[in-house]
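Q: My questions concern the predicted model and sequence given below.
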Amino acid sequence: MASEENAVDLTCTIMGLQNNYDIEDFDKYVLEALTALVACSPRKAAPYVICKN
Amino acid sequence: MLNALALGARELAGLPTPQIPKYQASFTSKRLPAPAHRRYLTLEDEADAGAPIRSLAADLSSQAIEAGRASLEDKVPEIVRERQLTISSGQRSRHRIVEVDPSKRISVLNAEKPTTFKQLAAEYFVIPFISRFWDYLNESLGREERALRSSRSGGYRAAGTGMILSPLVLSHFVNTMSVLIHASRHSPAFLSVITPAALELCVTLGTRRFSPDTSTSTDPFATEESRHAASVLSASLELAIVILDASIELDRGRTLALEHGATLSAVMMWGKKAFNTLEGGIQLEGIGGEEEMRLRRASAGLILKLEDISGRWTQAMLMPY
């Protein structure tokens, strides 16, 4: 579980990932990672995702 | 990102989350070579990224409509009598054994989260979500207005300004809003803060056209955009149904009717106009098939919810109906 102090950086990094190596189900993994961040660190991750949307 | 918000909110609230389906070609023996297959599938998946949230929002509004139907059936004597006189089918439905879906079981860890999400929903999810949209809308409309004034040729439309305002993304946005609203219905601020703000957004999105005028466009994908136009209206109607159903469930619509009468009246006028338009046989642009059914069901369901609230509080509202 990511700590809240790293949640914003981690969210920013994951949102900026590109599928440079043609990884299968890449979008699904990114979605699952972002969902976990929003569920585990809602006070930090959710406002950041909304702001960058 | 919208999917992550909706699914994260559902998970935080301890509600079941839909599985993201993996696309499977029906004719596997006729697949393209692997790299090309993955490339074309990726494009289709991206075009339909909002499908899980769209079906979830449709399910939520269907549950809301069915809940209202079940409560209203008890008030109609003919239906009650018919139900009492029905022997076999009635007993079968009462004693039917239903298999429990493992994916819907709430785990011990999740059982603690509804309390946490109730406290966070308004401050960190719903209100920032709505506020961000209003800010973006005001910026986009102001930018286009300034461009129209300064240009002689009819205006410069930047490539990115219409992104969130295109019907496809807008319907996905509204469906995400439905999921967030449903998950936050037990928040202390739901009746006083979330409900009026969300209803205002609902009416605005359901009555205005935001996407740039494509009537003179030679873009071959313009017809695809117009096909999604009706989905914005149906998504807005479903969002209104979810909000009103939660309001009825919590206090029978009292707070909404007495403290936010103007907003409720606006929803009434919008709902009646949409219902009368559809029942009058006028087809909206982009409508047809499954989308038409969804739209008609949502407009009728909204009318039922509005009747449920106005029937109790019309006299107290002191507003013309």
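A: Thanks, I have the structure now.
Q: pLDDT below threshold where in the chain?
A: Chain wasn't specified; assuming chain A. For chain A, applying pLDDT under 70 flags the ranges A:1-3, A:53.
Q: other chain: chain B
A: B:19-50, B:69-83, B:85-115, B:151-165, B:209-228, B:281-289, B:317-321.
Q: what's the single longest helix in it?
A: Looking across chain B with DSSP state H, the single longest helix is helix B:290-317.
Q: Could you say which helix or strand holds B:Ser234?
A: Using DSSP states H and E, the element containing B:Ser234 is helix B:229-251.
Q: Show me which positions of the next helix or strand after that helix end up buried.
A: Past helix B:229-251, further along toward the C-terminus, the next helix or strand under DSSP H and E is helix B:254-259. Applying a neighbour-count criterion of 16 or more other CB atoms under 10 Å in any protein chain shown, one finds B:Arg254, B:Thr255, B:Leu256, B:Ala257 buried in helix B:254-259. All C-beta spots, glycine's among them, are computed from the backbone N, C-alpha and C.
Q: Could I get the CA-only coordinates of helix B:254-259 as CSV?
A: Taking only C-alpha atoms (Å, rounded to 0.1, in the frame of the first residue of the first chain), the coordinates of helix B:254-259 have been written out as CSV:
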residue,chain,number,x,y,z
ARG,B,254,-37.9,16.6,1.8
THR,B,255,-34.6,18.5,1.8
LEU,B,256,-34.6,18.8,-1.9
ALA,B,257,-38.2,20.0,-2.2
LEU,B,258,-38.1,22.5,0.6
GLU,B,259,-34.6,23.9,0.5
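Q: That helix packs against which elements?
A: Packed against helix B:254-259 by the contact rule (3 or more CB pairs under 8 Å, 6 or more residues apart in numbering or on different chains; DSSP states H and E) you find helix B:195-207, helix B:229-251, helix B:261-279, helix B:290-317.
Q: Mean neighbour count and distance to B:Pro188 added to these, as CSV?
A: CSV is the format used below for the helices and strands packed on helix B:254-259 (neighbours: other CB atoms under 10 Å in any protein chain shown; distance: least, CB to CB, whole Å):
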stretch, mean neighbour count, distance to B:Pro188
helix B:195-207, 21, 12
helix B:229-251, 25, 11
helix B:261-279, 18, 20
helix B:290-317, 18, 21
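Q: Can you name the residue of chain B nearest chain A?
A: B:Gly8 (2.7 Å; CB to the nearest CB).
Q: gap between that residue and B:Ser166?
A: When CB to CB, to the nearest Å is the yardstick, B:Gly8 and B:Ser166 sit 24 Å from each other.
Q: between the two, which one's more packed in?
A: Set side by side, B:Gly8 and B:Ser166 give different neighbour counts by other CB atoms under 10 Å in any protein chain shown, the larger being at B:Gly8 (28 against 18).
Q: what helix or strand is that one on?
A: Assigned by DSSP H and E, B:Gly8 falls within helix B:2-12.
Q: that older thread, of the buried residues of helix B:254-259, which is the nearest to B:Asn175?
A: Distances from B:Asn175 to the buried residues of helix B:254-259, taken as CB to CB, are shortest for B:Leu256 (22.1 Å).
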